[in-house]
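A.B. asks: for reference, the sequence and a predicted model appear below.
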Amino acid sequence: FRIGSLVSAGILSNGCGPASDVHPVTGQLQGAPAELAGHLIEVSRDSDPNTRGFGTLDAQGTFRLERLTDGRLERGVPAGSYRARLVLNDEGDGKTKRPAVPRRYLEFQTSGWTLQVPAAQTVTLNYQGK
């Protein structure tokens, strides 16, 4: 997966605030099927929807949030309340089918996923198929 495709898709933002305001976030997409590995969790801050971050899911559904600021990749996101959604990766070999996921998880407004940063522990987002 290429960072350039994130930038062209508008997933990453330049963000705002000093790097000291960035907090590491580790998360778990509980109940996620293994075929979501390589796809993304994207977050958007409630008070400034242009402040976003992303994390690539592994086969166990874990992710770490990052963001791109002034051309630098930073681990973590600024403090605040966030909504989250799933972003399916369009890159592939042309033979692999995109995983079927409930449509609600593809939008911030309908996913039901929220988190607070800084997080005292691993953030858990619950995924329920169909």
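C.D. replies: Cool, got the structure. Numbering: from 1, shown residues only.
A.B. asks: where does the chain dip in pLDDT?
C.D. replies: Applying pLDDT under 70 to the chain picks out residues 1-20, 91-96, 130.
A.B. asks: quick one: the strands in it?
C.D. replies: Secondary structure of the chain (DSSP state E): strands at 22-23, 26-30, 40-45, 48-56, 62-64, 66-69, 72-75, 77-78, 80-87, 113-117, 123-126.
A.B. asks: can I get those in a markdown table with distance to V101 and mean neighbour count?
C.D. replies: Every residue, glycine included, has its C-beta placed from N, CA and C. Below are the strands of the chain laid out as a markdown table (distance: least, Cβ to Cβ, whole Å; neighbours: other Cβ atoms under 10 Å):
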| stretch | distance to V101 | mean neighbour count |
| --- | --- | --- |
| strand 22-23 | 28 | 18 |
| strand 26-30 | 11 | 18 |
| strand 40-45 | 12 | 23 |
| strand 48-56 | 16 | 19 |
| strand 62-64 | 15 | 18 |
| strand 66-69 | 22 | 20 |
| strand 72-75 | 26 | 12 |
| strand 77-78 | 23 | 26 |
| strand 80-87 | 6 | 20 |
| strand 113-117 | 13 | 18 |
| strand 123-126 | 13 | 18 |
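A.B. asks: any chance of those strands in CSV, plus distance to L106?
C.D. replies: Shown next, in CSV, are the strands of the chain (distance: least, Cβ to Cβ, whole Å):
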stretch, distance to L106
strand 22-23, 26
strand 26-30, 14
strand 40-45, 10
strand 48-56, 14
strand 62-64, 16
strand 66-69, 20
strand 72-75, 24
strand 77-78, 20
strand 80-87, 6
strand 113-117, 11
strand 123-126, 14
